[in-house]
Structure formats: C-alpha cells, structure tokens
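S.K.: dropping a prediction and its sequence here:
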Amino acid sequence: MSYAIEVKNLKRVYKTYSKKEGVVESIKGLWNRQYTEKVALQNINLQIEPGKIVGLIGSNGAGKTTLLKVLAGLIYPSEGEVSVLGFNPWERDYDYLKQMSPLLGQKNQLWWDISARDSYALLANIYDINISDAKMRVNQLAEMLGCSHVLDTQLRRLSLGERMKMEIIGSLLHRPQVLFLDEPTIGLDIVAQNAIRHFLENYVKEYKPVVILTSHYMDDISELADNLLLISKGELVYNGTVDEFTSEAKISKKIIYRYKNDTKEHELVYESHELSNKLGEIMKQGEVVDLKIDEVDFEEVIHRFLAKESGLL
Amino acid sequence: MLQPLISVGIELILWLAIFNATDSLTIGGFDRNMYLAYVVWAPFLGRVGISWMYESMMVEEVASGNINIVLTRPISFYEYYLSQLMGYKFTTTIVSIIIPLIITQIYQLPINYSRLPLAFSLVICYLFLIHNLSFIVSTLAFFMTKVKSFTLVKNLSLWLLAGELVPIDLMPAVLAKILLILPFSSGVYIPVAYMTGRCQIDLIYQGFISVFVSFILSSILCRLLWSKGLREYTGTGA
C-alpha cells in the first residue's frame, strides 16, 4: 500500500544557547558559548493512508508541534526519513507546497488589511489557480461554511469565528492533498466549533485529503479523527484507531459519590474488574449518602492516559 | 508626499544659507543652482533607493516566525518582498516626483531631462541590490536577536556612501574615488550628477557595472545565509 505520509526513525534535537546570569557571563558567551540540547522528537515511526483524519494529541511540550513543523517542511529533522506525498518536506519543492496546507488556529495567514476575497485572488495567483476556478471554489466553500456574506469585508473587521472560516477557505482553496490543522477551533464558541467540525467532516469525505489535526478540544478529535497519535516526551506512545484506544484504555466508567455532611462530590475512575474493591475503599472512608456510576468521556480517558505516560499518575 | 517635501525644504535652506554666508559664487567648482538642483533631486532618489520599511518587515517576519506562512506556500520569501517593494516604489515614485519637478521649474534649476531615463534605470538596478542587502540583514535574524539595529547602521552608512548627505565630489579626492567605485554612489550621487551635468555618461556605465557585480556577489551571500538560516530555524511561534 502506498502511504501519503511515512516517517522512519525521526529525531529532532533543539540546540539552544545557554547563557548564565550576569554581564560578565554574557561577554564570555561571545567566544565561549555553552549550548544545551533538548530532544523534541525521537523514534517516531508512522504511516498514514490517504483520506484519513489523524488526531495528534500530547501535552504542552510533548513534541506535536515539532512533528507538524517537520511534516510541513518548516524545520529540518536531526535524523530519520520523512516522506509526504513522496516529497522530502524540508526541500520545499513547489510541487509539494501546492499540495499541502497548514492551518494554524492562532495565526492569521490571510492579509489583515484587505478583504478575504482579495486575499483569495492573491492566493489563486500564488498557487497558479485559474481565477474563475478560484472564484467558484471560494463561493462553494463559503456556502458550505455559511459565511458568503462576509467575503468582501476587511479581515480585521471580522469576528474570530468568521475569521477562522475565512482562514479555512484560504487554506483549502488549492485543494490540498495534505492538511495540517493546528487548533482550528481554538477560542471559538460551541456553535462555531460545531460548524467547523461539520464542515471538515464533509470536506474530507468529498475531497479525501490526509488531515493531521491537533486540538485541545477532545470533541474535535473524537468526532473527526479516524486514527490517534499520542505523543509524550517526544515519543509516540499510541498509534491506532480511536475506537481501539477507548476499548484498550479499559477505564470506561467512574463512580461519583458524596459523603454525609460533605457538599463536595468525589469521582473515582476504575477499570471494570476493580468495581468491588473500589466500592469497598469508598465505604471504608465514611458514610456514603449519594452514589452513581457514569461513563467516562473521551477527554478524560486521554487526559488520564497522557498523565500516566508523563508519570503524573 | 510630506516627508520628501520636508527633507527637500531642509536641504534647500541649508545650501541657501551656505551660499549666503560665503563670498564665493561657486563651491568645489559648482554654482548655487547646481547645488540646489542636487539637493532637490538627491533626497528624492535617496527615498527611491532605500527599503527600510520592507527590511524591517522582513526582519520581523523571520524573528517572529511569521515567515512560516511564506515558507509553506509556493513562493519565495525573496520574491514575495521584492514584488511588494517594487510595487510600493512604483506608486510612491510617481507621486513624489512631483515635488522635485515643481521646485526645478520654480527655481529654473539645471536639470537635463533627456538624461532622466538612464539615471532612473541605474536607480532601479540599484534597488535590486538594496533588496539583496535587506534580504541579507533579514537572514541574520535566523542567528541573532536585535537585528533591526543593523538596518539603522546600514541606512545611515548608505546616506553617506550614496552621496545623499554630501555630494561625493566635495569629499577628499581619495575617498571620493573609492566611493565612486563602490556601488552605493549609483543610488544617489551618480544619477543626480548625470542629470545635473556634474558628470558624463562614462560614470553612469561604471555605476551599472559596479551595481551588477555587487548584485551577483550579494546574491551568492543571500543564498548561503538563507540555506544556513533555514537549517538553524526552529519555526518560532508556530
């Protein structure tokens, strides 16, 4: 099978100048520089098929943004092989860049002082898209996202949600085969989040690009992703489907209880075979006046998994 | 429009004051009107042949990581800013040329308009070299912080080296000879001197050669620094 993205033994080390305190040390640093090395990624091996949405999850500093940067060709790897659509990303071949698109939720990629429609005309030129095709695609995407009415408004005058929709249109205008979505719904209200999720789901069904998606909202991942990549301390700790992950995680339920004369509710997540023991432990510690058993949501499963991998649990 | 008007006004007052204070009708062999013509056209060409605004933007893009947007699109950072610079210069030049033209008419200054196209061609070639220098300064932001101070130092040096501050023929002979060999005099002194009759066409040809050679050499440096910079780059801010 041919994969859209293949990574073998990827390693990325950041080397940073380490300056000691004080003016004298600063001057010494001019000829005697001390460097510290931080391994951001290591032993990364993965293969992603065309048309898949992959959720990339990890705590802050785990290495997910570094992985996206390597795949997008922004930085060089220290070791290993990376192939995206058959290209070495960091060579930045125009044929590759025309088939790839990053969408960084926290950065504006369109021009701030002009209307989105004018930005799309510029992008059409950059990506060598026929202007009438570009217009047709913009109208089609704007209709899908329900934002046709703001296409002619200066970008700086749009709300965050409208701006994000404009950014999405801009990043999809050239119909990329690979999409890197970094926090596409960050800061948006629930209505806008849902609209964007729904749009992405339909778009991927229709055009079948590979999507690598990072998000702090686990609903984005659980609703959109086919596969999960979990990164912890620069290493891939899980690579599989979302369904397999939730079933393997075993922690599907939690006990919610309250002691007598205590206003606070407590929660205890357990694996199915531990129910009797956990109930016994709870009863020993006081008189329980309220108790129920509930499903653990996907976000909690992920958080517990990552905390366990990071040694916090 | 306002900036060139103020700078031309300041220079005019300065040189009128110098000629009023001296008993001589000429300085360095040139009369008052020759100097007035120089001070009217030198700041104008000085503004055309400079790119501090785009250089600052380029430095900021590299330092802040906003360059990521350009790096992930099928367009080069060099071309992206060159096209913006040329578009901006085209528009502002058309607007701001009105001022030296009007002043030249009012004071009946000695400008040979038939020499204007060749003089302008040299300035346009010089602008490509200036863009290379801006590109080199911006690539330094891959390796160090506070790169904007280089822009300030570079522009102050160019102000002197191009002959915008003082006509090069007023400088000591050895220094003047060196400055005329360097490409920077092609930004202001050589084209203005040619238009005002202070020099002949051979100096213009020398300017074209100097700018061309410097452009080739600086392009090699651009490429080296860019490749090395990208190896160092950590995708800041993404």
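M.R.: Right, received. Where do you want to start?

S.K.: how near is residue A:132 to chain B?
M.R.: Distance, residue A:132 to chain B, using Cβ to the nearest Cβ, to the nearest Å: 20 Å. Quick note: C-beta positions are derived from backbone N, CA and C, even for glycine.

S.K.: let me redo that: residue A:27
M.R.: 16 Å.

S.K.: please save the CA atoms from the helix or strand hosting that residue in PDB.
M.R.: Here residue A:27 sits within helix A:23-28, counting by DSSP states H and E. C-alpha atoms of helix A:23-28 as PDB (Å, rounded to 0.1, in the frame of the first residue of the first chain):
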ATOM      1  CA  VAL A  23      27.000  40.800  32.300                       C
ATOM      2  CA  VAL A  24      30.400  39.100  32.600                       C
ATOM      3  CA  GLU A  25      28.900  35.800  31.600                       C
ATOM      4  CA  SER A  26      27.200  37.500  28.700                       C
ATOM      5  CA  ILE A  27      30.500  38.800  27.400                       C
ATOM      6  CA  LYS A  28      32.200  35.400  27.900                       C
END
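
S.K.: need the residues that contact the helix or strand that comes right after it.
M.R.: Using DSSP H and E, the helix or strand that follows helix A:23-28 in sequence is strand A:35-48. Strand A:35-48 is contacted by residues A:3-18, A:54, A:63, A:66-67, A:70, A:77, A:80, A:210, A:212, A:227, A:229, A:234-236, A:239 when judged by Cβ atoms under 8 Å, 6 or more residues apart in numbering or on different chains.

S.K.: list only those of those flagged as buried.
M.R.: A:3-5, A:7, A:10, A:12, A:54, A:63, A:66-67, A:70, A:77, A:80, A:210, A:212, A:227, A:229, A:234-236, A:239 (16 or more other Cβ atoms under 10 Å in any protein chain shown).

S.K.: what's the neighbour count on the residue in the stretch 151-300 of chain A that chain B sits nearest to?
M.R.: Nearest residue of the stretch 151-300 of chain A to chain B, counting by Cβ to the nearest Cβ: residue A:182, 7.5 Å away. The tally of other residues near residue A:182 (other Cβ atoms under 10 Å in any protein chain shown) stands at 22.

S.K.: now do residue B:26
M.R.: By other Cβ under 10 Å, neighbour count at residue B:26 equals 12.

S.K.: ok, it to residue B:33 distance?
M.R.: To residue B:33, residue B:26 is 11 Å away according to Cβ to Cβ, to the nearest Å.

S.K.: before we move on, what about residue B:221?
M.R.: Taking Cβ to Cβ, one finds residue B:221 at 42 Å from residue B:33.

S.K.: count of residues packed around residue B:163?
M.R.: 30.

S.K.: the one 10 residues further on too?
M.R.: Under the neighbour criterion other Cβ under 10 Å, residue B:173 is assigned a count of 8.

S.K.: what does the one 3 residues further on give?
M.R.: Residue B:176 is surrounded by 17 other residues when neighbours are defined as other Cβ under 10 Å.

S.K.: same check on residue B:135?
M.R.: 24.

S.K.: what does residue B:177 give?
M.R.: Residues within reach of residue B:177, counting by other Cβ under 10 Å, total 11.

S.K.: for the chain, which helix is longest?
M.R.: Since no chain was named, I'll use chain A. Secondary structure assigned by DSSP state H gives helix A:190-207 as the longest helix of chain A.

S.K.: other chain: chain B
M.R.: helix B:201-232.

S.K.: nearest spatial neighbour of the spatially most central residue of chain B, skipping sequence neighbours?
M.R.: When Cα atoms, centre = their mean is applied to chain B, the residue found nearest the centroid is residue B:49 (2.8 Å). Spatially, and ignoring its direct neighbours in sequence, residue B:49 is nearest to residue B:187 (3.7 Å; Cβ to Cβ, 6 or more residues apart in numbering or on different chains).

S.K.: the one you found contacts residue B:44, doesn't it?
M.R.: No - between residue B:187 and residue B:44 there is no contact under Cβ atoms under 8 Å: 11.6 Å.

S.K.: these two: which is more packed in?
M.R.: residue B:187 (30 against 25).

S.K.: which phi and psi does the more buried one have?
M.R.: Dihedral pair for residue B:187: phi -80, psi -40, per degrees, to the nearest 10.

S.K.: can you pull the contacts of it?
M.R.: Here residue B:187 is in contact with B:45-46, B:49-50, B:123, B:126, B:130, B:158, B:162, B:164 (Cβ under 8 Å, 6+ apart).

S.K.: between those, which is closest to residue A:176?
M.R.: residue B:130 (35.7 Å; Cβ to Cβ).

S.K.: for the closest one, helix, strand, or coil?
M.R.: What DSSP: H, G, I helix; E, B strand; the rest coil gives for residue B:130 is helix.

S.K.: can you check the pLDDT for it?
M.R.: Looking at residue B:130, its pLDDT is 96.

S.K.: that one: neighbouring residues, count only.
M.R.: Residue B:130: 29 neighbours (other Cβ under 10 Å).

S.K.: the one 4 residues further on now?
M.R.: Under the neighbour criterion other Cβ under 10 Å, residue B:134 is assigned a count of 27.

S.K.: ok, now the one 5 residues further on?
M.R.: For residue B:139, the count of nearby residues is 26 (other Cβ under 10 Å).

S.K.: give me the nearest residue to it, chain neighbours excluded.
M.R.: Nearest to residue B:139 is residue B:225, by Cβ to Cβ, 6+ apart, at 4.0 Å.

S.K.: what residues are bridge-paired with residue A:83?
M.R.: residue A:6 (DSSP bridges).

S.K.: list the contacts for it?
M.R.: Going by Cβ under 8 Å, 6+ apart, residue A:83 touches A:3, A:5-7.

S.K.: could I get the contacting residues of residue 78?
M.R.: Unless you meant another one, I'm taking chain A. Contacts for residue A:78 (Cβ under 8 Å, 6+ apart) come out as A:11-13.

S.K.: could you do chain B instead?
M.R.: B:131, B:135, B:222, B:226.

S.K.: and the residue nearest to residue A:29 when sequence neighbours are not counted, which of the three is it?
M.R.: Closest residue to residue A:29 apart from its sequence neighbours, by Cβ to Cβ, 6+ apart: residue A:19 at 5.3 Å. Assigned by three-state DSSP, the conformation of residue A:19 is coil.

S.K.: what's the burial count for residue A:19?
M.R.: By other Cβ under 10 Å, 12 other residues sit near residue A:19.

S.K.: ok, now residue B:200?
M.R.: 10.

S.K.: again, but for the one 5 residues further on
M.R.: The local packing of residue B:205 (other Cβ under 10 Å) involves 13 other residues.

S.K.: now do stretch B:192-209: distance from first to last residue.
M.R.: 18 Å (Cα to Cα, to the nearest Å).

S.K.: buried sites along that stretch?
M.R.: For stretch B:192-209, a neighbour-count test (16+ other Cβ under 10 Å) marks B:192-196, B:198-199, B:203-204, B:206-208 as buried.

S.K.: and chain A, which of those reach it?
M.R.: Near chain A, judged by Cβ under 8 Å from any Cβ of the partner chain, there are no entries from the buried residues of stretch B:192-209.

S.K.: for the residues you listed, work out which two are farthest apart.
M.R.: B:196 and B:208 (18.8 Å).

S.K.: my guess is the residue nearest to residue B:139 meets residue B:141, correct?
M.R.: No - counting by Cβ under 8 Å, residue B:141 is not a contact partner of residue B:225; they are 10.5 Å apart.

S.K.: who has more neighbours, these two?
M.R.: Shown here are residue B:225 and residue B:141; by other Cβ under 10 Å, residue B:141 has more neighbours (23 against 18).

S.K.: and the closest residue to the more buried one other than its chain neighbours, what pLDDT?
M.R.: In space, and not counting its chain neighbours, residue B:141 is closest to residue B:62: 3.8 Å by Cβ to Cβ, 6+ apart. Here, the pLDDT recorded for residue B:62 equals 92.

S.K.: give me the element residue B:62 is part of.
M.R.: Counting by DSSP H and E, residue B:62 is found in helix B:52-64.

S.K.: what are the buried residues along whatever helix or strand comes next after that helix?
M.R.: The helix or strand immediately downstream of helix B:52-64 is helix B:67-71, counting by DSSP H and E. Using 16+ other Cβ under 10 Å as the test for burial, helix B:67-71 gives B:67-71.

S.K.: sweet, I'm off.
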